[in-house]
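A.B. asks: Predicted model and sequence follow; I will ask about them next.
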Amino acid sequence: PAPFSRDSAIALPRPLTSADLMGEASGEGLRVAYQGCPGAYSEAAAKKAYPSCETVPCEYFETAFQAVEKWAADRAVLPLENSLGGSIHRNYDLLLRHRLHIVGEVRLAVRHCLLANRGVKIENLRSAMSHPQALAQCEQTLTQLGIEHREAVDDTAGAAKQIAEENLQDTAAVASSLAAQLYGLDILAENIQV
């Protein structure tokens with residue numbers, strides 16, 4: 001093996017210190033990666049952690065890790081624990097595979113809403129679309145509303161985006177109120193999680 005040199009140290013990540021984080025509390029100038037489409041709960045967590053940051057949507061958790069490693073983003077905000085659904089094992093595995101480390105924690109209350117295109121009524125809905133965990137968290141409410149069919153997609157905001165883009169009239173999304181605003185959807189019910 002080659003002897004350790006000063007140049008080889010450049011390739012290794014340097015642990016952040018509190019001095020590195022001073023002045024970054026607002027996130028001014030930071031690019032923060034998250035998994036999902038705009039309006040995702042992870043984007044809300046990124047904005048809670050760094051209110052003035054520029055958020056960077058990533059298709060997959062892996063992509064968010066790579067964005068930080070390749071300097072396309074300064075940070076990533078990703079879920080590790082869910083009070084209803086438990087640990088997000090995929091992200092723990094990715095932490096072990098990538099040379100990144102946790103620098104903080106954000107707690108975010110997830111309040112699922114039932115979203116549909118303008119004019120659609122709950123009684124016209126045949127199905128709901130969302131991330132599998134969100135569908136599981138809202139199963140009881142969806143059943144009570146008579147919405148029996150469920151369609152799993154990659155993220156909650158992505159479901160809202162698809163409902164809007166395809167102008168679906170018999171399908172609702174389970175997503176955030178922010179997703180409703182971003183994609184021009186009506187909120188038919190709020191706080192539908194168990």
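C.D. replies: Thanks, I have the structure now. Numbers count the residues shown, from 1 in each chain.
A.B. asks: any low-confidence regions in the chain?
C.D. replies: Of all residues in the chain, those with pLDDT under 70 make up the ranges 1-26, 84.
A.B. asks: Can you give me the domain boundaries for it?
C.D. replies: Using the TED database, the domain ranges for the chain come out as 27-97, 113-190.
A.B. asks: among these, which is nearest residue 103?
C.D. replies: Ranking the domains of the chain by proximity to residue 103 (C-beta to C-beta) places domain 27-97 first, at 7.3 Å. The way it works is simple: take the backbone N, C-alpha and C, and place the C-beta from them, glycine included.
A.B. asks: Stretch 160-171 spans what distance, first to last residue?
C.D. replies: Its start and end residues considered, stretch 160-171 measures 10 Å (C-alpha to C-alpha, to the nearest Å).
A.B. asks: Next, the buried residues of that stretch.
C.D. replies: By 16 or more other C-beta atoms under 10 Å, the buried positions in stretch 160-171 come out as 160, 161, 162, 163, 164, 168, 171.
A.B. asks: hmm, back to that, please identify which of the domains of the chain is closest to residue 104.
C.D. replies: Evaluated over the domains of the chain, closeness to residue 104 peaks at domain 27-97, with 6.5 Å, by C-beta to C-beta.
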